[in-house]
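Student: Okay, structure incoming, though there's no sequence with it:
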């Protein structure tokens, strides 16, 4: 084949024609890059986030996830939802009960105390490392997290509860060891829920702000030993409070509810474009036909 013939063949090839069209009409077809994240992975991330944003320890009844409601909220078929729930089960966030459904896992009081102790050990070591490794700008960001709450956050407990967990996760991140963040990610859902419950008790929110400011001061002074000690004492103070005052109603409720299917529990969080699911209220509890099935509420 001559050089001219080969050149003509290239010009007439479909790939060449499309490339030429694309060059002449950039964006003319309105095409964007494909989303490389699978539906399973997107469903997994959305469901996990919604569970993390749900107060899983305030309800006595088991918290059952309804596959149909999840499918409707996410706008996907059953397969990616089931695959996402399978991953969450492997990670210990949900469990499958034969002939009953899939339930959010809630820890016993003993397990919660163990998680708090593990978190205290990891975060206190992270604080020691952060005192030497982190920058002044990063410490300033920690201080900024508390700036909007002054000295008393009791008027904005929901917002402060979120800022509180962000503060603790930031200290672990500033330690500079990725494995620390990975290990605590598995505890986050339960730690967040427990801290949210206890934040309303015994003026803990007010003491929390004071403790956080003292921790920041130790970090800014590059006092590794003091930062480590303050973080450990702060978190172990939570363990002491849980040991003395926290009553987990689900430890009795779930034991008594295993004989009946229970109601579907709609997790609270943004699952799909403004869709919010509410937790069951007291009026929705009951047995048999008296149960009211909670549906996803669109806002």
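Tutor: Sure thing, it's come through. Computed from a predicted structure; not experimentally measured.

Student: what lines up beside the helix or strand harbouring residue 102 in the sheet?
Tutor: For residue 102, the enclosing helix or strand under DSSP states H and E is strand 101-104. Here strand 101-104 is paired, per DSSP bridges, with strand 64-65 (antiparallel), strand 94-97 (antiparallel).

Student: Can you convert the ones you listed into TSV and add a column each for mean neighbour count, distance to residue 160 and mean pLDDT?
Tutor: (C-beta placed from N, C-alpha, C; glycine too.) Formatted as TSV, those follow (neighbours: other Cβ atoms under 10 Å; distance: least, Cβ to Cβ, whole Å; pLDDT from 0 to 100):
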stretch	mean neighbour count	distance to residue 160	mean pLDDT
strand 64-65	20	29	92
strand 94-97	15	28	94
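
Student: for these, which one sits closest to residue 242?
Tutor: Closest approach to residue 242 among the strands paired with strand 101-104 is made by strand 94-97 (22.6 Å; Cβ to Cβ).

Student: Next, the residues that contact the closest one from outside, please.
Tutor: If you take Cβ atoms under 8 Å, 6 or more residues apart in numbering as the criterion, strand 94-97 is touched by 51, 65, 85, 88, 89, 102, 103, 104, 105, 258.

Student: What is the burial count for the third one?
Tutor: The number of residues packed near residue 85 is 21, by other Cβ atoms under 10 Å.

Student: quick one: contacts for residue 242?
Tutor: Residue 242 touches 109, 112, 113, 116, 194, 198, counting by Cβ under 8 Å, 6+ apart.

Student: Assign a three-state SS to it, would you?
Tutor: Put simply, residue 242 is helix when judged by DSSP: H, G, I helix; E, B strand; the rest coil.

Student: Next SSE downstream of the one helix or strand residue 145 maps to?
Tutor: Per DSSP H and E, residue 145 falls inside helix 136-147. Remark: after helix 136-147, the chain's next helix or strand is helix 157-174, criterion DSSP H and E.

Student: ok, and what's touching that next one?
Tutor: For helix 157-174, the external contacting residues (Cβ under 8 Å, 6+ apart) are 119, 122-123, 126-127, 129-130, 133-134, 138, 141-142, 145-146, 148-149, 153, 180-181, 184, 188, 191-192, 195-196, 199-200, 205, 208-209, 212, 215, 231, 235.

Student: Let's see which of the residues you listed end up in helices.
Tutor: The helices, defined by DSSP state H, take in 119, 122-123, 126-127, 129-130, 133, 138, 141-142, 145-146, 180-181, 184, 188, 191-192, 195-196, 205, 208-209, 212, 215, 231, 235 from the contacts of helix 157-174.

Student: Give me the buried subset of those residues.
Tutor: When neighbours are counted using 16 or more other Cβ atoms under 10 Å, those contain these buried positions: 119, 122-123, 126-127, 129-130, 142, 145-146, 180-181, 184, 188, 191-192, 195-196, 205, 208-209, 212, 215, 231, 235.

Student: what is the rounded mean pLDDT of stretch 231-240?
Tutor: Averaged over stretch 231-240, pLDDT sits at 95.

Student: Make JSON lines from the strands paired with strand 101-104 and add distance to residue 158 to it.
Tutor: As requested, those are exported to JSON lines (distance: least, Cβ to Cβ, whole Å):
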{"stretch": "strand 64-65", "distance to residue 158": "24"}
{"stretch": "strand 94-97", "distance to residue 158": "25"}
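
Student: so where's the stretch 1-150 of the chain uncertain?
Tutor: Along the stretch 1-150 of the chain, the parts satisfying pLDDT under 70 run over 1-36, 150.

Student: Can you show me the helices along it?
Tutor: 3-12, 14-24, 39-52, 67-74, 78-90, 109-133, 136-147 (DSSP state H, counting those that start in this stretch).

Student: which other helices and strands contact the fourth one?
Tutor: Right, the one you point to is helix 67-74. Using 3 or more Cβ pairs under 8 Å, 6 or more residues apart in numbering; DSSP states H and E as the contact definition, the elements that helix 67-74 packs against are helix 39-52, helix 78-90.

Student: 6 Å instead, please
Tutor: Here helix 67-74 is seen to pack against helix 78-90 when contacts are counted using 3 or more Cβ pairs under 6 Å, 6 or more residues apart in numbering; DSSP states H and E.

Student: Could you give me the buried positions within the helix it packs on?
Tutor: Neighbour counts over helix 78-90 (16+ other Cβ under 10 Å) mark 80, 81, 83, 84, 85, 87, 88 as buried.
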